[in-house]
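[1] sharing a model that was predicted from the sequence below.
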Amino acid sequence: MRLPRSLIPAAFFLLASSAAPPPQITVARNEVESRFPLAAVFTLEASSSHAITDVVLEFATDAKTCGESTDRVVPDDFAVGPTVVAHWTWDLRRTGALPPGTTIAWRWIVRDDSGAELVTPDRTIVIDDTQYDWRETTAGPLRLHWYSGDSSFARDLLEAGEEALQTIRHATGIVYEGEIRAYVYADASAMQSATLFAPAWSGGLAFPEHRAVLTAIAPSELEWGRRAMAHELTHVVIGHYTFSCLDSTPPWVSEGLAMYAEGEAEEWTEAVLEDAIRDNSLLPVRALSQIFSNDPDLANLSYAQSRSLVAFLIEAYGPEEMLRLLDEFRAGTPEDRALDRVYGFDRDGLEAAWREHIGAPPAPAVEGPGARPTITAYPTFAPLVGVPLAATSTPAPTPSATPEPAPRPGPCAGPAALAAVGLALAWLPRSPRRW
């Protein structure tokens, strides 16, 4: 039975009013210090009327992800007590570089021994390369950042990017939506220092999951720079479109499309292809489904053939079929099955049709049932720590008295000329993602 208020002893109200207030956790400091490109340091200072026993950091980036998007870590440097100061350093040398302009979001979960819990509001920080006085201009989905050269230099690069997007649209039907950030460094060493693991010869990197491009283009290298910008932007567009947990896009497709978007084939690619046709030394299409060789001659031939194969498929069968092929790869369809569903032939059938198209002799016969030709030599490297998980490289221009094609890197998956990224990806920690 519920007692009338008048019958409840006054001492009860006195006891209730004098009871201790519930425990309250307060935060005095909650920040991130960017040490681009090496690290980001998270710091929390919190207090409670009881001993704080648990501190958990949740963080992520704005990168596209196919799975769990938030990482959780427990700082190990704080002492249990009514006031704690916790630090945690995200070492990008271990997990892979982040491109400039990446947004990091974070929050803390704090608990004390009374059972009280505090979840801090979500906060964000944009990681930038503050060594340079960046200028910015935009056109369509492209946001270009540069610090060397005048406005006409930037406009030329934006124009090259827009032309590449139009080429990809006509070649595949893909209409890119969203923004792409492009950072133009004045020289290769400056760009490489911002990426931690870029090879010494690289002049461009694409981060499809982050929708970002880094290039090293001096105003005096504009002709090369236009091609580099088109190449890397294409990697972002195609990589973003096919992104999934199952993506099976082979190197010859991604690199072939990137080279196709550069515009007319360069003289060196035509020369390399003609020499291989004349010498009957073309690489099997099946060999182009793997990481390209680190041997300069084989790498150059791999790129030249990839462009020619993609151009053949687009010009002979149309952009609708190329888009269907990319859809199959996004769904994780194995290469031979994807080609058969779209074009009615597997890689061997593709090679036969393509060889006839370019006037090359039929592929050499392969002895033994189920045997596959293997011509390209693939170097073996020890696993590397910290290879960027979502980057593809473009070589910087190399001045020479007699211009020759510089060896191009391997496919979109890290500084692939190192040729160990496939192995490294199997055990490297995944990069933190967005919420």
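    The structure has been received and is ready for your questions. Numbering: from 1, shown residues only.
[2] hey, which strand is longest across the chain?
    As assigned by DSSP state E, the longest strand anywhere in the chain is strand 39-61.
[3] could I get the buried residue list for it?
    40, 42-48, 50, 52, 55-61 (16 or more other C-beta atoms under 10 Å). Glycine gets a C-beta too; all of them are placed from N, C-alpha and C.
[4] what's the answer for stretch 111-127, then?
    For stretch 111-127, burial by neighbour count (16+ other C-beta under 10 Å) applies to 111-112, 116, 118, 120, 125, 127.
[5] with stretch 255-272 instead?
    Neighbour counts using 16+ other C-beta under 10 Å place 255-262, 269, 272 of stretch 255-272 among the buried residues.
[6] repeat for stretch 157-177
    157-158, 160-165, 167-168, 171-172, 174, 176.
[7] which helices and strands sit right next to the helix or strand that the longest strand of the chain is followed by?
    Using DSSP states H and E, the next helix or strand after strand 39-61 towards the C-terminus is strand 71-73. Other helices and strands packing on strand 71-73, by 3 or more C-beta pairs under 8 Å, 6 or more residues apart in numbering; DSSP states H and E, are strand 39-61.
[8] same for the strand it packs on, what does it pack against?
    Looks like strand 39-61 contacts strand 26-35, strand 71-73, strand 81-91, helix 92-95, strand 102-112 (3+ C-beta pairs under 8 Å, 6+ apart).
[9] what's the helix or strand for the nearest residue to L196 once chain neighbours are set aside?
    For L196, ignoring the flanking residues on the chain, the nearest one in space by C-beta to C-beta, 6 or more residues apart in numbering is A97 at 4.4 Å. Under the criterion DSSP H and E, no helix or strand holds A97.
[10] make JSON lines out of the buried residues of stretch 255-272 and add secondary structure and pLDDT.
    As requested, the buried residues of stretch 255-272 are exported to JSON lines (DSSP: H, G, I helix; E, B strand; the rest coil; pLDDT from 0 to 100):
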{"residue": "E255", "secondary structure": "helix", "pLDDT": "95"}
{"residue": "G256", "secondary structure": "helix", "pLDDT": "97"}
{"residue": "L257", "secondary structure": "helix", "pLDDT": "97"}
{"residue": "A258", "secondary structure": "helix", "pLDDT": "96"}
{"residue": "M259", "secondary structure": "helix", "pLDDT": "96"}
{"residue": "Y260", "secondary structure": "helix", "pLDDT": "97"}
{"residue": "A261", "secondary structure": "coil", "pLDDT": "97"}
{"residue": "E262", "secondary structure": "coil", "pLDDT": "96"}
{"residue": "T269", "secondary structure": "helix", "pLDDT": "94"}
{"residue": "V272", "secondary structure": "helix", "pLDDT": "96"}
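[11] just the residues you listed now: which is nearest T83?
    Comparing the buried residues of stretch 255-272 against T83 with C-beta to C-beta places A258 closest, at 53.9 Å.
[12] Three-state assignment for the closest residue to I174 other than its chain neighbours, please.
    Excluding the flanking residues, the one nearest I174 by C-beta to C-beta, 6+ apart is Y241, at 5.4 Å. Under DSSP: H, G, I helix; E, B strand; the rest coil, Y241 falls in the helix class.
[13] for D133, same thing?
    Three-state call for D133 (three-state DSSP): coil.
[14] what's around the residue nearest to it when sequence neighbours are not counted, how many residues?
    Once flanking residues are discounted, D133 sits nearest to Y147: 5.6 Å by C-beta to C-beta, 6+ apart. By other C-beta atoms under 10 Å, 15 other residues sit near Y147.
[15] read off the pLDDT value for Y147.
    At Y147, the predicted lDDT confidence score is 98.
[16] so what's it up against?
    Listed by C-beta atoms under 8 Å, 6 or more residues apart in numbering, the contact partners of Y147 are 132-135, 184, 186.
[17] from the buried residues of stretch 157-177, which two are the most distant?
    L157 and T172 (22.4 Å).
[18] hang on, isn't V55 packed against A86?
    Yes - judged on C-beta atoms under 8 Å, V55 makes contact with A86 at a distance of 4.7 Å.
[19] shared neighbours of these two, anything?
    Contacts common to V55 and A86, judged by C-beta under 8 Å, 6+ apart, are 44, 46, 75, 78, 108.
[20] ok, whichever strand or helix holds H145: who's next to it in the sheet?
    Using DSSP H and E, H145 maps to strand 142-146. Each strand paired with strand 142-146, and its direction, by DSSP bridges: strand 135-139 (antiparallel), strand 180-185 (parallel).
[21] among these, which is the most enclosed?
    Highest mean neighbour count of the strands paired with strand 142-146: strand 180-185, a mean of 25 (counted as mean count of other C-beta atoms under 10 Å).
[22] who are the packing partners of the following helix or strand past that strand?
    Downstream of strand 180-185, the first helix or strand assigned by DSSP H and E is helix 188-193. Contacts defined by 3+ C-beta pairs under 8 Å, 6+ apart place helix 188-193 against strand 202-207, strand 212-216.
[23] again, only this time at 6 Å
    strand 212-216 (3 or more C-beta pairs under 6 Å, 6 or more residues apart in numbering; DSSP states H and E).
[24] can you give me the domain assignment for this protein?
    Each domain of the chain is listed here as a residue range: 21-127, 135-364+372-424, per automatic domain parsing.
[25] ranking those domains by mean pLDDT, which is last?
    Among the domains of the chain, domain 135-364+372-424 scores lowest, with a mean of 84.
[26] next, count neighbours for S220.
    11.
[27] what does the strand or helix carrying W268 contact?
    For W268, the host element (DSSP H and E) is helix 267-279. Residues outside helix 267-279 that contact it (C-beta atoms under 6 Å, 6 or more residues apart in numbering) are 282, 300-301, 304, 308, 360, 405.
[28] among these, which ones are in helices?
    300-301, 304, 308 (DSSP state H).
[29] would you turn these into TSV with neighbour count?
    As requested, the ones in helices among the contacts of helix 267-279 are arranged in TSV below (neighbours: other C-beta atoms under 10 Å):
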residue	neighbour count
N300	23
L301	25
A304	27
S308	25
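[30] just give me the closest of those residues to D346.
    For the ones in helices among the contacts of helix 267-279, the nearest to D346 is S308 (18.4 Å; C-beta to C-beta).
[31] so which strand or helix has the nearest residue to L165 once chain neighbours are set aside?
    Among residues not flanking L165 along the chain, Y176 sits closest, at 6.0 Å (C-beta to C-beta, 6+ apart). Using DSSP H and E, Y176 is not contained in any helix or strand.
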